[in-house]
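> can you look at this prediction? I've put the sequence above it.
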Amino acid sequence: MGTRVNESVTNKRIHALFYHKMTVYAKMTREPPQQPRVRLALTNGRIILPQEIVAGKAIVVEDGRIAGIVDTGALGSDVTTIDVGGRIITPGLIDIHTHGALGHTFNEPTADAFTTICAENARRGVTALLATIAAAPIADLVACFEF
């Protein structure tokens, strides 16, 4: 009976850790390099907005943040333009279920695994994700949740 009590306590601990960790997004452990101050515009793309997809507009980016969407004719000569060749321009994506990337999974409680997975997702346009682990022995799950 003592084993069942320990299993019950362990299961409650795992559930508590799981629900707590579900609300925390995985973040890269490295600080991003400092970016030079730049003002640029993405042109010739299809911009995904909540209510529609628009073309013939430009997304103005100042210091790495979207400053606005304007008519391409309204861009000043001081703005560097990047022609995206008709590609889709979308806000950062949120992946609510990912197990890993590039041969690593979130079942590996190491900084290298998390950094590799997050960097690859960022490279593909994912700006936030929910680290999802696969079924494993309880001790391994606890190690993942405590990482």
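Great, that's in hand.
> low-confidence regions, this protein specifically.
Counting by pLDDT under 70, the ranges of the chain that qualify are 1-37.
> now do the strands in it.
Ranges of strands in the chain, per DSSP state E, are 39-43, 46-48, 53-54, 57-62, 65-71, 80-83, 88-89, 93-98, 100-101, 104-105, 126-131.
> tally up the residues packed near residue 55, please.
10 (other CB atoms under 10 Å). Any C-beta I mention is one placed from the backbone N, CA and C, and that applies to glycine too.
> apologies, that question was intended for residue 146.
10.
> wait, it sits on residue 140?
No: counting by CB atoms under 8 Å, residue 140 is not a contact partner of residue 146; they are 10.9 Å apart.
> picking up where we left off before, format the strands of the chain as TSV; extra columns: distance to residue 120 and mean neighbour count.
Compiled in TSV, the strands of the chain are given as follows (distance: least, CB to CB, whole Å; neighbours: other CB atoms under 10 Å):
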stretch	distance to residue 120	mean neighbour count
strand 39-43	23	18
strand 46-48	22	15
strand 53-54	27	12
strand 57-62	23	20
strand 65-71	23	12
strand 80-83	23	12
strand 88-89	20	16
strand 93-98	10	12
strand 100-101	4	20
strand 104-105	9	17
strand 126-131	9	18
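> and these as JSON lines, adding distance to residue 116?
Below are those laid out as JSON lines (distance: least, CB to CB, whole Å):
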{"stretch": "strand 39-43", "distance to residue 116": "28"}
{"stretch": "strand 46-48", "distance to residue 116": "28"}
{"stretch": "strand 53-54", "distance to residue 116": "33"}
{"stretch": "strand 57-62", "distance to residue 116": "27"}
{"stretch": "strand 65-71", "distance to residue 116": "26"}
{"stretch": "strand 80-83", "distance to residue 116": "28"}
{"stretch": "strand 88-89", "distance to residue 116": "26"}
{"stretch": "strand 93-98", "distance to residue 116": "12"}
{"stretch": "strand 100-101", "distance to residue 116": "7"}
{"stretch": "strand 104-105", "distance to residue 116": "5"}
{"stretch": "strand 126-131", "distance to residue 116": "13"}
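> so what's the closest residue to residue 40 other than its chain neighbours up against?
Take residue 40 and drop its neighbours on the chain: the residue closest to it by CB to CB, 6 or more residues apart in numbering is residue 80, 4.3 Å away. Residue 80 makes contact with 38-41, according to CB atoms under 8 Å, 6 or more residues apart in numbering.
> that'll do, ta.
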